[in-house]
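Undergrad: Output the structure for:
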Amino acid sequence: MTTAPAGRGPAPYRVAVVCLGNICRSPIAHVVLADRVAAAGLDVEVVSAGTAGWHVGKPMDERSAHVLTQAGYDASRHRGRQVTAGDLDALDLVLAMDTQNLADLRDLGAPDDRLLLFRAFDPEGPGDVDDPYYGGADGFTTTLAVVERTADALVDALAAVAPAAPAAGGAR
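TA: A predicted model of the protein is given here:
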């Protein structure tokens with residue numbers, strides 16, 4: 001089983017999921033993973049970003065939002081953003097959705113000890129999360145299924161390194 005790197009600073013533990021445009025795969029992973037860590041009671045901040053800046057400030061692809069909404073998730077708050085080298089300094093774990101994103105993140109200076117493919121935690125095996133953008137609705141459904149099972153295993157790995165969320169109204 002893949003392990004998550006230890007947190008590097010005060011809580012919360014910070015995780016980013018990164019794809020190319022931050023409108024399909026990484027927003028799905030962001031929403032699902034944030035839901036899972038909250039349900040597990042972990043003090044984990046989840047963000048998402050793209051390696052390219054084409055969709056900065058825009059909502060996620062309507063097909064991503066649709067598949068999330070149909071599955072009972074809130075897809076309304078996402079706005080696209082581009083990852084920067086400065087972002088990487090503040091993160092405990094950076095998860096690339098595919099090998100090209102992994103290479104792009106390395107080029108930005110992401111440290112190898114905090115950089116993994118998202119599917120490194122997939123119980124069905126590692127690999128890329130295929131980009132559904134140029135395909136039909138089935139690709140988004142498949143992406144959600146891959147993300148959900150991987151997020152479940154990822155939460156187990158995060159539980160070993162991330163603190164519990166503070167009690168409601170409690171201070172950090």
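Undergrad: which residues sit against the helix or strand residue 34 falls within?
TA: Residue 34 is located in helix 25-40, with elements delineated by DSSP states H and E. Contact with helix 25-40 is made by 15, 17-19, 44, 46-50, 60-61, 64, 67-68, 73-75, 78, 80, 95, 97, 118, 129, 131-132, 140, 143-144, 147-148, 150-152, 154-155, 158-159, 162, 165, as judged by Cβ atoms under 8 Å, 6 or more residues apart in numbering. Every C-beta, even on glycine, is put in place using the N, C-alpha and C of the backbone.
Undergrad: Pull the distance from that helix to the chain's centre.
TA: Its chain's C-alpha centre and that of helix 25-40 lie 7 Å apart, by Cα atoms, centre = their mean, to the nearest Å.
Undergrad: any idea of the mean pLDDT in the following helix or strand past it?
TA: The first helix or strand that comes after helix 25-40 along the chain, using DSSP H and E, is strand 44-50. In this model, strand 44-50 has an average pLDDT of 98.
Undergrad: Toward the C-terminus, what is the element adjacent to strand 44-50?
TA: In the C-terminal direction from strand 44-50 (assignment by DSSP H and E), the next one is helix 62-70.
Undergrad: Give me the angle between the lengthiest helix in the chain and helix 25-40.
TA: In the chain, ranked by residue count with DSSP state H as the criterion, the top helix is helix 137-159. Angle between the axes of helix 137-159 and helix 25-40 is 40 degrees (criterion: axes from the mean of the first three to the mean of the last three Cα atoms, to 10 degrees).
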